[in-house]
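1. what would the 3D arrangement of this be:
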Amino acid sequence: MPPLGGLLAVLLAVFLLAACGTTGADPAADTTASDPAASDPAADSDPPAYEPPLLRSGPGDGSGNDAIVQGEVTLRGGCLRVDGAPAIWPRATTWRDDDQTLVLPGGEEVALGERVTGSGGYGAAADLGEPLDPDVRAAALACAGADGEVAIFNPDSDVARVD
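-> Residues are numbered from 1 along each chain as shown. The predicted structure follows:
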């Protein structure tokens with residue numbers, strides 16, 4: 001009978017050789033492990049809710065406020081605003097930092113100082129709740145202050161530039 005130490009050494013050697021084996025796949029070719037977006041086709045289509053200075057609403061369900069949000073677009077205190085109130089924009093809205101242009105869901109571009117209109121309403125920043133992203137709520141509260149008001153466009157609102 002072989003000594004126990006010799007048997008363990010043989011088993012360890014077999015295990016290590018098996019672990020060093022390769023399946024023939026090029027590890028550099030597998031980008032899904034190091035890049036989560038590569039395995040998620042929706043990763044590029046759903047922007048983050050809070051992308052300073054832009055605050056975005058959550059996904060729309062067709063509901064919302066019956067009022068109108070309307071006014072001049074400004075950038076103050078790191079927040080995009082409509083007539084001075086921090087604004088929460090529809091999800092598909094984007095911001096181009098290089099030329100400070102707001103791009104509305106329909107593709108219309110709005111420069112700072114121009115006016116917009118869309119369905120939505122106004123509410124106290126302290127009362128913001130679901131379905132808003134927690135980062136959006138925190139940023140809106142920081143921009144508006146505890147007693148401040150926030151302009152909230154409905155998630156599916158057709159916001160438009162007013163000429």
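
2. what's the helix or strand for Trp95?
-> In this structure, Trp95 is located in strand 94-96 according to DSSP states H and E.

3. note down every partner strand of that strand and its orientation.
-> Counting by DSSP bridges, the strands paired with strand 94-96 are strand 101-103 (antiparallel).

4. for whichever helix or strand comes after the partner strand, which residues meet the burial criterion?
-> Of the helices and strands lying after strand 101-103 in sequence (DSSP H and E), the nearest is strand 109-111. With burial defined by 16 or more other CB atoms under 10 Å, the residues of strand 109-111 counted as buried are Val110. In short, each C-beta sits where N, CA and C put it, glycine included.

5. which residues touch strand 109-111?
-> By CB atoms under 8 Å, 6 or more residues apart in numbering, the residues outside strand 109-111 that reach it are Val73, Gln100, Thr101, Leu102, Val103, Leu104, Val116, Arg161.

6. what pLDDT is listed against the second one?
-> According to the model's per-residue confidence, Gln100 sits at a pLDDT of 95.

7. look up the closest residue to it, ignoring the ones flanking it.
-> Using CB to CB, 6 or more residues apart in numbering and skipping residues adjacent in sequence, the residue nearest Gln100 is Leu112, 5.6 Å away.

8. hang on, the one you found packs against Leu75?
-> Yes: with contact defined as CB atoms under 8 Å, Leu112 counts as touching Leu75 (5.7 Å).

9. identify the contacts common to these two.
-> Residues touching both Leu112 and Leu75 (CB under 8 Å, 6+ apart) are Gln100.

10. in the chain, which ranges drop under the pLDDT threshold?
-> The chain contains residues with pLDDT under 70 at 1-48, 60-63, 130-131, 146.

11. distance of Asp66 relative to Thr93?
-> 21 Å (CB to CB, to the nearest Å).
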